[in-house]
Every structure is written in structure tokens, then in C-alpha cells.
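Asker: One predicted model, sequence on top.
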Amino acid sequence: MRDNKRILIFNVNWLGDVLFSTAVIRNIRYNYPDSFIACAVPKRCRSILEGNPYLNEIIIFDEKDSHKGLFAQLSFIKMLKSKKFDMVFLLHRSFTRALVARLAGIPERFGYYTKKRGFLLTKKIIAPDRDSLHRADYYLNVIEQSGLKVKDKFADFVFSDTDAKSVEDWLSHHGIASQDFLAVLNPGGNWLPKRWPKENWVHLAEGLAKNFGAKIVITGAQTDVALARSIREAVKEKPVVACGVFSLKQLGSLAKRADVFITADSGPLHIANAVGAKKIIALFGPTSTMITGPLPQSNTVILQKDVGCPIPCYKVKCQDNRCMKAITPEDVIKEIRLK
């Protein structure tokens, strides 16, 4: 087959899933080592792909923001058409993306079949049940069913020396030295049932300070500031709150620097795993490690208790949260002792 193709990957909208999809990018590059490969993602996901060594270009497509209106989408189609792509892999199942690819004149269009967009695809792939395999495998299946070979499935995430220096300077400014035992806590999550109770984070922080003399940094988005500050106020040895402080690249550097990174199932979990953090303790409740667990798991301890509920569970308004409550701070401390 001709190798010098121009290839577009239409990606998904979520940070963690875009990170999983980097395995697709790398495996396409394995199959087309000399081709031009571009990836279209929403603006908020751009930093996941910046610096990716297997990509030639990142294209922003955001139908809920900059490409929301008809004229904006027509302008995007015109731009895409000018790039003369030979093929597109549609990881997202949206009708809009398939239509955009068709109107942009991309001759080969590979993606999961749906009744609405089937006529827009040149290769209609029957989608497996999304809960039957890992998200990385779900996206890799698109290229595998398109005839490409898949060698591996880990995620790629790259940060710069500048990012690492910014993190070191920040830690030093807050009195955290290179020889200190650094514990990073990530208490947030994109929906409440995946979150560990606040009081457990408080007890864990107390235990980390008492048992390991740990210096503790609490990370998260700007929306997690109130939660992080309430944890901080309840702890005698005050952690440093870094919510909204770091970029995703800097968060990756911080995770790499930490002696232990403790988090629920979230984007930061997979960033920490992708950069090869020393030790990750992942707190899983309603979600399945077989679907959204870290790949690989060599540096990760997963804590999940069987409380009789079906897993995965998508009751986003669950008021019980017993699956997360079943994991105790002592469980986490025990795993750190085993380091």
C-alpha cells in the first residue's frame, strides 16, 4: 500500500479518552511511518496531544464552541478540504464529524456504523458493546477493523523540561525539597459517585504526615478549589493546594516527581500512568478497571471493594456512594507501606 498518505484522525471529546486514543495515533504511525498524520480534537484536549512524536499536526474542531454555527462549520470544511486528506479514522461516533469528513472530500472514511451516518462511511465497522472492552481497545478496534496492525496499547503523554522546571520551582517555593517524601492527592472527579468522601482524604492526609513525614500537594481543577481548601483546613500539617495552578503538562511532571499519586478514576490518573509515575494508588468505585483502568498497571495499585453493586454503574445521582466509602484511608496507607 502507498505509505505517503495524508491521514486525519477525528478524535473524541474527553481528556481521558483522548489520552487512551494516543495508542491509535502511535499504531497508525507504525503502519504508515512516512505519512502525514493530523488529529482533530476540541480545544480543551489539545494539550493531551501537544508534543506527541507521532503527529504532524493538531487541528482544533469544537462544535460546542468555535465551530458551533453553520458558517463556522462550513469554513472548517473548506479548510479541511484544502489539506487534501486521503483517509480519516472517526473515533467519535457523531454524525457531524462523519458529514464534515464527507463534505471535505476525504475519499476513505473509517468509523463505527450507526443508522444515521452509515451512508457517510466507506468502511462501516460494527461497534462492540462499549462496556465489553477497554476504552483503548474500543478505539484501536477502529483501525484494526480497517486492516491495520496493532502492536501495543499504552498511552503517550509528553511534557517538556520547562514544565518540569516550573513544577520544581513551585515545589521549592512552597518548602518542598527534592529529598522530601511527596504525596500528591487528586480528590476531584468528573462525577460525584467516583469521588472518595472528603473525610477520607482528611484522614489519609493526616496518616501520610504521621507515618511518612510526607509533604502533601492537593491537585485538581479550578472547580475543586473549595474541596481542596476544606481538606486542607481539617488537616493539622497543612497540605499545599494546587488546584487550578498547573497545566496538564505540568500536572504530568508533578505526577512523575511524586513518590505516590493517589486519585480516583479520572483523567489525572491516566496522565500519571502515561508519564510513568513511581507509584499510583487508584481508588475505583462505580467504574470498571476492565473498561477505564490504567494501561499498563505495572506501577499502579487499584483499590476496589465488592459491595454487591453491579460494575460498571452509571447512576450519576447515586446518594449512597458505598462503593467508594468501602475503601478506607488505612487501605491506602497499607499499600504505601508495601512500596
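Answerer: That came in fine, so what should we check first? Given the structure is predicted, the values throughout are model-derived calculations rather than measurements. Numbers count the residues shown, from 1 in each chain.

Asker: Name the residues of stretch 140-149 that are buried.
Answerer: 140, 141, 142, 143, 145, 146, 148 (16 or more other CB atoms under 10 Å). Heads up, the C-betas are built off the backbone N, CA and C, glycines and all.

Asker: can you give me the helices for the stretch 201-339 of the chain?
Answerer: 225-234, 248-257, 267-274, 289-292, 322-325, 329-337 (DSSP state H, counting those that start in this stretch).

Asker: Please put the alpha-carbon coordinates of the fourth one into PDB.
Answerer: In PDB, the C-alpha atoms belonging to helix 289-292 read as follows (Å, rounded to 0.1, in the frame of the first residue of the first chain):
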ATOM      1  CA  THR A 289     -11.000  -1.300  35.700                       C
ATOM      2  CA  MET A 290     -11.500  -3.500  32.700                       C
ATOM      3  CA  ILE A 291     -13.000  -0.600  30.800                       C
ATOM      4  CA  THR A 292     -11.300   2.600  32.100                       C
END
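
Asker: Residues in contact with it: which ones?
Answerer: Outside helix 289-292, the residues that touch it by CB atoms under 8 Å, 6 or more residues apart in numbering are 16, 130, 131, 133, 134, 135, 265, 282, 302, 304, 312.

Asker: Quick one: buried ones out of these?
Answerer: Buried among the contacts of helix 289-292 by 16+ other CB under 10 Å: 16, 134, 135, 265, 282, 302, 304, 312.

Asker: Need those residues in a markdown table (columns: pLDDT and distance to residue 36).
Answerer: Converted to a markdown table, the buried ones among the contacts of helix 289-292 look like this (pLDDT from 0 to 100; distance: CB to CB, whole Å):
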| residue | pLDDT | distance to residue 36 |
| --- | --- | --- |
| 16 | 88 | 27 |
| 134 | 94 | 29 |
| 135 | 94 | 26 |
| 265 | 93 | 35 |
| 282 | 97 | 37 |
| 302 | 96 | 39 |
| 304 | 97 | 42 |
| 312 | 91 | 38 |
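
Asker: and which of the residues you listed is nearest residue 330?
Answerer: Closest approach between the buried ones among the contacts of helix 289-292 and residue 330, by CB to CB: residue 304, at 15.6 Å.

Asker: Would you work out how far apart the start and end of stretch 258-274 are?
Answerer: 14 Å (CA to CA, to the nearest Å).

Asker: Now do the buried residues in that stretch.
Answerer: 258-274.

Asker: what does stretch 230-240 give?
Answerer: 231, 232, 235, 239, 240.

Asker: Residue 34: which of these is nearest?
Answerer: So of the buried residues of stretch 230-240, ranked by how close each gets to residue 34 (CB to CB), first place is residue 240, at 47.0 Å.

Asker: Wait, the closest one touches residue 174, no?
Answerer: Yes. Using CB atoms under 8 Å, residue 240 is in contact with residue 174, at 4.8 Å.

Asker: Common neighbours of these two, please.
Answerer: Shared contacts of residue 240 and residue 174, counting by CB under 8 Å, 6+ apart, come down to residue 217.

Asker: Specify which member of the buried ones among the contacts of helix 289-292 is nearest to residue 102.
Answerer: Closest to residue 102, out of all of these and judged by CB to CB, is residue 135, at 26.1 Å.

Asker: ok so residue 9 is a strand residue?
Answerer: Yes. Membership of residue 9 in a strand is supported by DSSP: H, G, I helix; E, B strand; the rest coil.

Asker: that older thread, reformat the helices of the stretch 201-339 of the chain as a markdown table; add mean pLDDT and distance to residue 31.
Answerer: Formatted as a markdown table, the helices of the stretch 201-339 of the chain follow (pLDDT from 0 to 100; distance: least, CB to CB, whole Å):
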| stretch | mean pLDDT | distance to residue 31 |
| --- | --- | --- |
| helix 225-234 | 96 | 44 |
| helix 248-257 | 97 | 27 |
| helix 267-274 | 94 | 22 |
| helix 289-292 | 93 | 26 |
| helix 322-325 | 94 | 40 |
| helix 329-337 | 96 | 39 |
